[in-house]
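1. got a predicted model here, sequence first, then my questions.
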Amino acid sequence: MPGWTAPPTRRELLLVLVSVTIFVIAYNADTTLSLLGFSVRPYSPFASVRDAPIGPDGRKPAGYRDALEDEIFGTWDWEADHIAGIKDAEELRVVGKSGEGESYLHGVGLTGEQALWLQGVGEGKYVTDARLGKTTINQEFARWGEEVPKTKVVFHEPGFTILENVSMAFGTFFLVTDDPSSMPTPDALGSSLINHADPPRDIDWQVLPFANAHPKLGGYGGRMHGNTLVSYDDTTDGLTLLTLQLLYSRWNFLSSFSEPPARLILPAVPTYSDPKPPDPYDGTPPRQRSTVGVHPMTLKAAYPRLAGTMFHEDFDDFVGLGTPVLIERLVVVDRSASARAGLSDAPWARLFTSQRDVIRQDWFEDVRRTMWSFLGMEDAKAPGKEVTYLSRQNEGPRMSAKDHESLIRELKKLGVTVHVVDETTTWLEHMNAVVRSSVIVGVTGDHLTDAAFLLPSTHSALVELFPSSAFNSDWLTVVGSMGHGYVAFQDTKKIDLTALPPTSRPSRLGEIKIDATAVARAVQEQLSHH
């Protein structure tokens, strides 16, 4: 009998070869069947009673699941053709940390805004949401051949226009049409980027006959989907965004579908407001960015879908592309165009006055609700009788230190919660105070834009304080269109809103003198309205 070290016999080699062949065939068959969704394990004589088939959702059937599987995969319901959620497991985890599982799951509040991928988890499916985008990368480019998309005028008043299918190329906005006489004149659309008081040049705006469109623009280009807000003004202030929002809401009123703005373009405003530093620049001190009229965080919280603001330098980038970009919808405001049409004192207000009879008081409601949701206050209820004093003692027009302290003291005597917000207050504290208040008090200035976020009620109002040398009805116009009350003082004198003083906009405002008792009394009257 041969020893263990003897070479294998022919019989032994055949046995090994047959065994390996059977194993390979069986393994591949089992793997193939598993990939096809069929498991042979339950039919194996070696399978235990705990083995179970895998369902189409990738889990064991309900009767075979244990606590470990529920912990790993969750207990969500599965629906064909939808991405399944993780409602119970994820909600329990979040509740353990924040105590507010549902608000997290529905994308509400600070945590939820950072987790929009959980939209619809509560329903067990992922919902299509406008904020998350509805286009693919293959839809960002278009070929139209000789059929260049024609421009449609949705709404127009001098300086305030809504257009669809606007071609932007070489730094010029082109309005393509079969009938040039049906289009607004360039003078009523915008202004020169060189001298904003002048009408636009041909390289700023053009009405392009359809027959000339293909030779000029070519047969293909990029696409900007959604709503593009454009302020053609060379400066911005607290009214810039509000005016754009009013015009944009006009389209919402005319349209059956509401879609948030996708981008903001300020082609005449530089990225930085300070002089260009010497070269090389080491970053000290930090450069001052141009403002859009509101705090940067306010813009991001109120318009979370905005990809950002494009300034003059960003707009210039499109000049050298050599390829047009088709803008789906352009909402454009130009105060100089409005002024040239006969409203020179307050050109921004043309839309507020001409559309007074059709403006709905809830035209800012979508933005307001977005801000409330961002602050974790989605279920906005009528605020309590709280007052916010927007103090600007460290910059801009201000009152004396004595009057400042006196005003705070008199407001606190009213027996209501008084928030004193100044330049050192964090943005989050600032906005939380504003949205919880019924009345806002402050000296005249762009910071009064915050009054737009008040919830309209019988008590809501803005109290604006002017020096004796100045007055304008800007904020009276804005808050009045929203349904808020308005009170104004010119130094110590309360202004009669039926007989307004003449408009005066001095470049520098002197110290504001106030009667703190009279201001507090006016606030009390607003809080007492029924």
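-> Nice, thanks for sending it over.
2. and the one residue sitting closest to the centre of the chain, what is it in contact with?
-> Centroid-nearest residue in the chain: Tyr303, 1.4 Å away (criterion: CA atoms, centre = their mean). Listed by CB atoms under 8 Å, 6 or more residues apart in numbering, the contact set of Tyr303 reads 260-261, 264, 367, 370. From N, CA and C alone the C-beta is placed, and that goes for glycine too.
3. angles on the backbone of it, please.
-> phi -130, psi 70 (degrees, to the nearest 10).
4. Asp317 versus that one, what's the distance?
-> Tyr303 sits 22 Å away from Asp317, going by CB to CB, to the nearest Å.
5. list just the nearest of the contacts of Tyr303 to His484.
-> Among those, Val367 lies closest to His484 (CB to CB), at 14.9 Å.
6. helix, strand or coil for that closest one?
-> Three-state assignment for Val367 (DSSP: H, G, I helix; E, B strand; the rest coil): helix.
7. my read: it touches Leu246, true?
-> No: with contacts counted by CB atoms under 8 Å, Val367 stays clear of Leu246, the gap being 10.7 Å.
8. domains of this structure?
-> 1-42, 62-127, 147-274+290-354, 365-527 (automatic domain parsing).
9. now the first one: average pLDDT?
-> Which is domain 1-42. For domain 1-42, the mean per-residue pLDDT is 76.
10. coming back round to it: save the domains of the chain as a markdown table, and put in distance to Tyr281 too.
-> Supplementary listing: the domains of the chain in a markdown table, determined by distance: least, CB to CB, whole Å:
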| stretch | distance to Tyr281 |
| --- | --- |
| domain 1-42 | 60 |
| domain 62-127 | 34 |
| domain 147-274+290-354 | 11 |
| domain 365-527 | 26 |
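11. comparing those, which gets the lowest mean pLDDT score?
-> domain 62-127 (a mean of 51).
12. re earlier: quick check, nearest of the contacts of Tyr303 to Lys152?
-> Pro261 (18.5 Å).
13. and that closest one, what does it touch?
-> 226-229, 248, 303, 305-306, 331.
14. pick out the most distant pair among these.
-> Arg305 and Val331 (14.2 Å).
15. between the two, tell me which one has more neighbours.
-> A direct count of neighbours by other CB atoms under 10 Å for Arg305 and Val331 places Val331 higher, at 24 against 17.
16. host element of the more buried one?
-> Assigned by DSSP states H and E, Val331 belongs to strand 325-333.
17. which strands or helices does that strand pack on?
-> Helices and strands touching strand 325-333, by 3 or more CB pairs under 8 Å, 6 or more residues apart in numbering; DSSP states H and E, are strand 160-169, strand 220-231, helix 238-254.
18. phi, psi of Met419?
-> Just so we're on the same page, residue 419 is His rather than Met. The phi and psi values for His419, taken as degrees, to the nearest 10, are phi -100, psi 120.
19. pull the number of nearby residues for the residue lying closest to it once chain neighbours are set aside.
-> Counting by CB to CB, 6 or more residues apart in numbering, His419 lies nearest to Ala433, which is 3.6 Å off, once chain neighbours are set aside. By the criterion of other CB under 10 Å, Ala433 has 22 neighbours.
20. nearest residue to Thr323 in space, please, no chain neighbours.
-> In space, Thr323 is closest to Gly221, 5.3 Å off (CB to CB, 6+ apart).
21. and that neighbour, what does it touch?
-> By CB under 8 Å, 6+ apart, the neighbours of Gly221 are 141-142, 144, 167, 169, 323-326.
22. ok, longest helix in the protein?
-> helix 10-35 (DSSP state H).
23. and the helix or strand following it, what does it pack against?
-> Where DSSP H and E defines the elements, the next helix or strand beyond helix 10-35 is helix 67-73. Under the contact definition 3+ CB pairs under 8 Å, 6+ apart, helix 67-73 sits against helix 87-98.
24. and the pLDDT for Ser48?
-> 51.
25. next: the one 5 residues further on.
-> Among the per-residue scores, Pro53 shows a pLDDT of 66.
26. returning to that earlier point: quick one: residues in contact with the helix or strand following the strand holding Val331.
-> Going down the chain from strand 325-333, the next helix or strand is helix 335-340, by DSSP H and E. Helix 335-340 has contacts (CB under 8 Å, 6+ apart) with 157-160, 187-191, 196-197, 199, 232-233, 347-348, 350.
27. narrow those residues to just the buried residues.
-> Neighbour-count burial (16 or more other CB atoms under 10 Å) applied to the contacts of helix 335-340 gives 157-160, 187-191, 196, 199, 232-233, 347-348, 350.
28. and the closest residue to Thr449 other than its chain neighbours, how many residues sit next to it?
-> Nearest residue to Thr449, sequence neighbours excluded (CB to CB, 6+ apart): Gly238, at 3.8 Å. The number of residues packed near Gly238 is 21, by other CB under 10 Å.
29. contacting residues for Gly238?
-> Per CB under 8 Å, 6+ apart, neighbours of Gly238: 293-294, 445-449.
30. repeat that for 10 Å
-> 291-294, 445-452, 474-475, 478 (CB atoms under 10 Å, 6 or more residues apart in numbering).
31. just to revisit the earlier point, where's the residue nearest to His419, which helix or strand?
-> Going by DSSP H and E, Ala433 is part of helix 427-435.
32. isn't Pro199 up against Tyr232?
-> No: applying CB atoms under 10 Å, one finds Pro199 not in contact with Tyr232, separated by 11.8 Å.
33. what is in contact with these two at once?
-> Residues touching both Pro199 and Tyr232 (CB under 10 Å, 6+ apart) are 189-192, 205, 336-337.
34. so how far is the longest helix of the chain from its chain's centroid?
-> 62 Å (CA atoms, centre = their mean, to the nearest Å).
35. for that helix, which positions count as buried?
-> So helix 10-35, judged by 16+ other CB under 10 Å, has zero buried residues.
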